[in-house]
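**Student:** mind folding the following:
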Amino acid sequence: QVQLVESGGGLVQPGGSLRLSCAGSGFTFSSYFMRWYRQAPGKEREWVATISRDGRGTNYADSVKGRFTISRDNAKNTVYLRMNNLKPEDTAVYYCNANLYSSDYWGQGTQVTVSP
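**Tutor:** From the prediction side, this is the model:
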C-alpha cells in the first residue's frame, strides 16, 4: 500500500523557519520525482518545488526561490522542504507528491500557518 506521510507543519511567526518532512512507503521511492505543493484557503493548489530522483536537480516556484530548499534522503525514503524567512502568504496546507509517468501519489497534507 502506497503511503506518503507529511509532518513538520505548525504555527510560526513571520521571518521564522520550518522543515517539512514526507516519508514514503509502498513504492520504490528513489525512482520517483518528488514535489511539494501547497493550497491556501480559497485558492488553487500550486506547485512549490521539485527534486530529481537522485537529488541533484531542483526547481522552485518564483514565490519561494531563495527561501525554500527541497532535499531528499533516498536511504530514508524521505523528502524535505526547508522553509526560511516565512511570510504570511506562505500560509497553506503543504502536500508532497511522488510522480513517475502515470503513477502519481499524494500525501494528506500538513498545515503551515505564518502569523504574528
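**Student:** quick one: the helices in the chain?
**Tutor:** In the chain, no helices are found when defined by DSSP state H.
**Student:** quick check, pLDDT for S102.
**Tutor:** S102 carries a pLDDT score of 89 in this model.
**Student:** what is the least confident helix or strand in the protein?
**Tutor:** strand 103-106 (a mean of 94; mean pLDDT, DSSP states H and E).
**Student:** residues making contact with that one?
**Tutor:** Residues outside strand 103-106 that contact it (CB atoms under 8 Å, 6 or more residues apart in numbering): 2, 4, 24, 27, 32, 95-99. Where you see a C-beta, it was placed from the backbone N, CA and C, and this is true even at glycine.
**Student:** just give me the closest of these to D73.
**Tutor:** When these are ranked by distance to D73 (CB to CB), G24 comes first, at 10.9 Å.
**Student:** pLDDT at that closest one, what is it?
**Tutor:** At G24, the model reports a pLDDT of 98.
**Student:** run a quick neighbour tally on the residue nearest to it when sequence neighbours are not counted.
**Tutor:** Setting aside the residues directly before and after it, G24 is nearest to N77 in space (CB to CB, 6 or more residues apart in numbering), at 4.7 Å. Close neighbours of N77, defined as other CB atoms under 10 Å, add up to 18.
**Student:** same check, this time on the one 10 residues further on
**Tutor:** Other residues within reach of K87 by the criterion other CB under 10 Å amount to 14.
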